[in-house]
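> Sequence plus the predicted model coming up.
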Amino acid sequence: MLSVDSYKGVRDFFPEDIKLRNYIFSTWRKVCESFGFEEYDGPFLEPFELFASKSGEELVNQQLYSFEDRANRKVAIRPEMTPTVSRMAAKKMQEGYPIPIKWFSIANFYRYEKPQKGRGREFYQLNVDIFGENSVEADLENLLLNNALMKAFNAKPEMYKIRVNNRYLLNYLFDEVVKASEEQKLPLAKAIDTKEKVSDEDFNKVLLKLNFSQAQVAKIIELLTYKIEDIKSLKNLPEQPKQLLKLFELIEKAGLKSIVFDPTIVRGLDYYDGNVFEQFDMTPGNNRSMFGGGRYDGLISLFINKKVPAVGFAQGDITLTQFLKDWNLIPNFTSSINVLVTVFPNNPNCYLKSLELAQKLRGENITSELFLDPKAELNKQIKYADKKKIPFVLIIGPDELAKNSITVKNMLSGAQNTTSTKDIRNFINSLPPKSL
């Protein structure tokens, strides 16, 4: 027999899981639209080269699901959205689309990596991007939107921390402090990006293998302890690294909390080239990375012959769900079904009246389930409603049929009363709003 388990690293979404997913998606969508972002979507499959060109060696060589189609074209299942949305934005720019472009999407992705707590091979992600705006205010817009999202999920500032860095600043420090060669810079950035996953001893060994001297290793360790005040004190800082200082000035003026400078934040994907940030869950004993983003001004030049500024971030559903669970922020979801219309056992006339009532309620946009077994005892039907957390049960038996009435049982309070079928409008008006 076939297994009832799903493929390793992917998820089945049962009705109770869909309630949470819909809550997350609707919150994402509502907040993004409130900031003037428009929703888009892209294809599930893309040419392999789209990701191979800029996504990074680890993602392409170890995590990408790729294959040849029937025409021998090498294609890939999307592991992220940034290359796709950059391609789409480039196409619209060629058509004279108004700038800046402010888009968001909610889509699913696949990466072949080891499933673990907070990480799977399949995941959904909110992607937020701004194209065509070079000012640091666009970077701030990302942080403001993220702050609004966290508030919408009822998260407090002490529950998470956003660590910010600048890739240009990092390269400047590699030049001025470490005296690294051009060949050493990218491997050094990748080593720093994975520093928290290895011991200090192993990190030092990695640096030595990159042909850094002991003195240079000491300089690298030192610069990874820099605070924002240390950056402010640097003399002759070029304009691009200064974008970090400008961003922190705006962060302070905007009153954003939970944001700190952290020189260890690199963002492993190769296309990042300016301010970058990563958000961390501050659950005691956890402190995992939740999601991140940043500047990628050079990516669109793969598609059109000019450099277009771009900044964005992505918030994944798995890490967010774990965050909401850890901090007890998941709402208590009720049933999406407002009422169960019962059928009186072995009574065709009552059944027809119940069917008529269910249809009438549905016509009034009241989600109504009609019990399907015409022979089932009422007690069984009521237990069914209780298990499914349906708040109201409507009963039409021989007595109700004779009096042209309906018995209404409130499953939350246990109260039961009878109303005339003519007064069904009053019952409808008394129902709570449909839940998510």
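On my side now, so go ahead.
> Would you verify that I382 is located in a helix?
Yes. Assessed by DSSP: H, G, I helix; E, B strand; the rest coil, I382 belongs to a helix.
> T407 is in contact with that one, correct?
No. Applying C-beta atoms under 8 Å as the test, I382 and T407 come out as separate, 11.3 Å apart. In this view, the C-beta of every residue, glycine as well, is placed from N, C-alpha and C.
> which residues sit against stretch 402-420?
Contact with stretch 402-420 is made by 357, 382, 385-386, 389-397, 400, 421-422, 424, 426-427, as judged by C-beta atoms under 8 Å, 6 or more residues apart in numbering.
> Could you rerun that using 7 Å?
357, 385-386, 390-396, 400, 421, 424, 427 (C-beta atoms under 7 Å, 6 or more residues apart in numbering).
> farthest pair in those residues?
D386 and T421 (24.8 Å; C-beta to C-beta).
> So those two - more neighbours on which side?
Each of D386 and T421 has its neighbours counted (other C-beta atoms under 10 Å); T421 has more, 17 against 12.
> Phi first, then psi, for the more buried one.
Per-residue torsions, T421: phi -60, psi -20 (degrees, to the nearest 10).
> Tell me the spacing between it and L370.
Counting by C-beta to C-beta, to the nearest Å, the separation of T421 from L370 is 16 Å.
> I220 now?
Per C-beta to C-beta, I220 is found 69 Å from L370.
> Tell me which of the two has more neighbours.
Neighbours per residue (other C-beta under 10 Å) separate I220 from L370, with I220 holding more: 23 against 18.
> Disregarding flanking residues, what is the spatial nearest neighbour of the more buried one?
In space, and not counting its chain neighbours, I220 is closest to V178: 5.6 Å by C-beta to C-beta, 6 or more residues apart in numbering.
> which residues does the one you found contact?
When contacts are counted by C-beta under 7 Å, 6+ apart, V178 touches Q216, K219, I220.
> mind listing what's buried in stretch 335-349?
Within stretch 335-349, the residues scored as buried using 16 or more other C-beta atoms under 10 Å are S335, S336, I337, N338, V339, L340, V341, T342, V343, F344, P345, N347.
> Just the residues contacting that stretch, thanks.
Stretch 335-349 is contacted from outside by 350-351, 354, 357-358, 361, 366-371, 374-378, 381, 385, 388-398, 401, 431, 434-435, using C-beta under 7 Å, 6+ apart.
> and if we set it to 6 Å?
350-351, 354, 357-358, 366-371, 374-375, 377-378, 381, 385, 388-390, 392-395, 397, 431, 435 (C-beta atoms under 6 Å, 6 or more residues apart in numbering).
> Under the pLDDT cut-off, which ranges of this protein? List them.
Filtered on pLDDT under 70, the chain yields the residue ranges 54-58, 268-269, 425, 428, 431-436.
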